[in-house]
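**Student:** Structure for the following, please:
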Amino acid sequence: MNSLALKDREFQQFQAWLHETAGIHMSPAKKALVAGRLSKRLRHHSLTSYGDYFALISSQEGAAESLMALDMLTTNETYFFREPKHFDFLREQVLPHASSTRPFRVWSAACSSGEEPYSLAMTLADALGNAPWEVIASDISNQVLAKARAGHYPMERARNLSHDQLSRHCLKGIGRHAGTLLVERRLRERVQFSRINLNETLPRLGDFDVIMLRNVMIYFDMATKRQVVQRLLPMLRKGGYFLISHSESLNGVCDSLEVISPSIYRKP
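**Tutor:** Coordinates of the predicted model:
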């Protein structure tokens with residue numbers, strides 16, 4: 001359907017809008033992804049061009065649709081215990097020294113559909129026992145946050161979970177839910193999800209022992225990376241740890257953190 005082709009000029013409009021709204025730099029290689037993800041919204045509104053759809057999300061009446069478009073363009077698939085060395089580091093090097101007088105607090109700052117914060121919750125529950133802990137999880141997408149709160153996942157997302165972790169922290173789907181898992185309710189209730197745009201002034205969330213900002217800075221340009229990290233660091237306690245993805249780096253982004261190992265930093 002030629003009328004639904006995404007023209008270069010229209011793609012550039014979405015590029016600029018996504019950068020302004022969420023700080024995300026979208027390369028020209030993502031043009032087909034944008035066209036594919038937004039095409040169903042054009043059909044939903046009986047629109048015949050991406051330019052018309054952009055006009056809709058830019059209008060005062062299109063505020064709700066603007067959030068929908070943001071969800072469509074920022075959703076990424078993940079899985080439990082992705083990049084497991086970070087969880088090993090917490091379990092072996094950090095949690096044995098957790099304070100007994102206050103809750104150990106972790107922020108999953110780009111939590112996507114929730115596998116990361118639930119992996120954190122499993123790690124904390126297993127390592128700290130009855131000691132107090134909190135996991136705060138945030139994302140810019142309402143769509144993935146709804147999935148995260150539900151805690152219901154395809155079993156293939158659990159390929160890094162041990163049999164013991166599955167039996168203690170998850171319920172196995174049966175019948176029409178076969179091939180899925182549900183994170184156990186007591187664990188779900190320990191994770192607090194919020195919609196937060198890291199490209200805006202952050203809400204007051206308190207201080208954290210660990211902040212995870214993984215697999216999101218790859219979408220930011222250098223200026224946005226610096227701004228986002230500078231917003232987050234005041235919330236990290238002295239001696240706290242800042243974890244990024246193995247595919248990311250803080251070179252040129254921040255020089256105030258001590259490098260513990262690649263992707264693991266500590267606030268002096």
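**Student:** quick one, strands of the stretch 101-250 of the chain?
**Tutor:** Secondary structure of the stretch 101-250 of the chain (DSSP state E, counting those that start in this stretch): strands at 104-108, 133-139, 152-154, 170-172, 180-183, 191-195, 208-213, 236-244.
**Student:** taking the ones you listed together, which one is wrapped up most tightly?
**Tutor:** Using mean count of other Cβ atoms under 10 Å, the stretch among the strands of the stretch 101-250 of the chain with the largest mean neighbour count is strand 104-108, at a mean of 25. (Each C-beta comes from the backbone N, C-alpha and C, glycine too.)
**Student:** okay, that strand in PDB with CA atoms only?
**Tutor:** Only the C-alpha atoms of strand 104-108 are listed here, as PDB (Å, rounded to 0.1, in the frame of the first residue of the first chain):
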ATOM      1  CA  PHE A 104      18.800  -2.000  50.900                       C
ATOM      2  CA  ARG A 105      17.400   0.000  47.900                       C
ATOM      3  CA  VAL A 106      17.900  -0.700  44.200                       C
ATOM      4  CA  TRP A 107      16.500   1.300  41.300                       C
ATOM      5  CA  SER A 108      16.100  -0.400  37.900                       C
END
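**Student:** What strands line up against that strand, and which way round?
**Tutor:** Note on strand 104-108: by DSSP bridges, its sheet partners are strand 133-139 (parallel), strand 208-213 (parallel).
**Student:** Touching the last one from outside, list them.
**Tutor:** With Cβ atoms under 8 Å, 6 or more residues apart in numbering as the test, strand 208-213 has contacts from 86, 90, 94, 98, 104-110, 116, 120, 136, 198, 228-229, 232, 235-237, 240-244.
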